[in-house]
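> Just the structure for this:
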Amino acid sequence: MNDRRETAIFGAGCFWGVEEAFRRIEGVVDTTVGYAGGHTANPSYREVCTGRTGHAEVVRVVFDPARVGYRELLEAFWSLHDPTQVNRQGPDVGSQYRSLILVGSAEQKAAAVESRTALEASGQFPERIATEIEEAGPFWTAEEYHQRYLEKRGLWSCHTR
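Numbers count the residues shown, from 1 in each chain. Modelled structure (predicted):
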């Protein structure tokens, strides 16, 4: 039995819907929403919303690489949001909603850069891909009420139509 686990961190706008989407992928073992990419230790949601901490809302995804690969998670990431939007996703505006991939290894960085380059070359988006790819630094777990937010409320998505 394979007990190996890997971690990936993605920012694609409001973390509630992003977390829900990743949780539904076969091979994802756990998800945690939080804050990363900033300069303030252990920020609160209120602080992150000011835009002054530099953090993005992100989802830490723990996965079993024998069941789902990092490249498959990247494909899901690209499909979950508009990677051309700068510091926003839909109605959510601010640097905390930026498109961001935080990499934990040279292999993840190479895969992330390769996938971004392929997406840019595909012509799927007429605008430039704005997604930042950075080394993973500290990850700060968001407040408990944010964890599995949609699941707790019996919702599948943040979007209403």
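
> Residue 78 versus residue 93, what's the distance?
Between residue 93 and residue 78 the computed distance is 21 Å (CB to CB, to the nearest Å). Backbone N, C-alpha and C define where each C-beta goes, glycine included.

> List the residues that contact the residue nearest to residue 13 when sequence neighbours are not counted.
Nearest non-adjacent residue to residue 13, counting by CB to CB, 6 or more residues apart in numbering: residue 89, 2.8 Å away. Listed by CB atoms under 8 Å, 6 or more residues apart in numbering, the contact set of residue 89 reads 12-14, 81-82, 97, 99.

> So among these, where is pLDDT lowest?
The member of the contacts of residue 89 with the lowest pLDDT is residue 14, at 87.

> Could you count how many residues lie near the closest residue to that one other than its chain neighbours?
In this structure, residue 14 finds its nearest non-sequential neighbour in residue 92, 5.3 Å apart by CB to CB, 6+ apart. Other residues lying near residue 92 total 14 when counted by other CB atoms under 10 Å.

> Same question for residue 133.
15.

> mind listing what's buried in the helix or strand containing it?
In this assignment (DSSP states H and E), residue 133 forms part of strand 132-135. The neighbour-count check on strand 132-135 (16 or more other CB atoms under 10 Å) flags residue 134 as buried.

> contacting residues around the helix or strand following it?
Tracing the chain C-terminally past strand 132-135 and defining elements by DSSP H and E, one meets strand 139-141 next. Contact with strand 139-141 is made by 9, 32-36, 41-43, 55, 58, 60, 102, 147, as judged by CB under 8 Å, 6+ apart.
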